[in-house]
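Undergrad: I'll drop the sequence and a predicted model, then ask my questions.
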Amino acid sequence: MEFLEENIRSPQFQQALSHLSAALMSDGNSNAIFANFSLDPADGMEAMNRGDGIKAFLDAMVAASRREEAKEEGGAMQEEEEDEGDKDT
């Protein structure tokens, strides 16, 4: 945890965060940035409308992660159902 705090407080991280924030809030850039990370801009629209580009980006990342987890869990459940079906035959 200490390592994480040190990195977040570092001038390099703060500068990168500042650049990302500026890029997200400039006209037309946000959709391209979201697309480069395969994120859905709609997931961060509420925060973007409030002028918080970083929160919008993070909201979109969290939503994408949750969708991926749900997809993986769905695949695992389908495999279990198929395995159970194989046992019945």
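TA: All right, it came through fine. Quantities reported herein were computed from a predicted structural model and do not represent experimental measurements. Numbering: from 1, shown residues only.

Undergrad: What residues does the residue nearest the centre of the chain make contact with?
TA: Residue closest to the average C-alpha location in the chain (CA atoms, centre = their mean): M61, at 0.8 Å. Residues near M61 by CB atoms under 8 Å, 6 or more residues apart in numbering: F37, L39. Every residue, glycine included, has its C-beta placed from N, CA and C.

Undergrad: SS state for it?
TA: At M61 the chain is in helix, as set by DSSP: H, G, I helix; E, B strand; the rest coil.

Undergrad: Return the distance of it relative to P11.
TA: Here M61 is placed at a distance of 24 Å from P11 (CB to CB, to the nearest Å).

Undergrad: How about S18?
TA: From S18 to P11 the distance is 10 Å (CB to CB).

Undergrad: Specify which residue of these two has the higher count of neighbours.
TA: For the pair S18 and P11, the greater number of neighbours falls to S18 (11 against 7), based on other CB atoms under 10 Å.

Undergrad: Show me what the one helix or strand the more buried one maps to is packed up against.
TA: Per DSSP states H and E, S18 falls inside helix 11-25. Contacts defined by 3 or more CB pairs under 8 Å, 6 or more residues apart in numbering; DSSP states H and E place helix 11-25 against helix 29-36, helix 53-88.

Undergrad: Does D40 touch A64 like I think?
TA: Yes - using CB atoms under 8 Å, D40 makes contact with A64 at a distance of 7.0 Å.

Undergrad: more crowded one of the two?
TA: The neighbour comparison of D40 against A64 (other CB under 10 Å) goes to A64, with 16 against 13.

Undergrad: pLDDT below threshold where in the protein?
TA: 76-89 (pLDDT under 70).

Undergrad: and if we set it to 90?
TA: 1-2, 27-29, 73-89 (pLDDT under 90).

Undergrad: Distance check, the residue nearest to the centre of the chain against E6.
TA: 22 Å.
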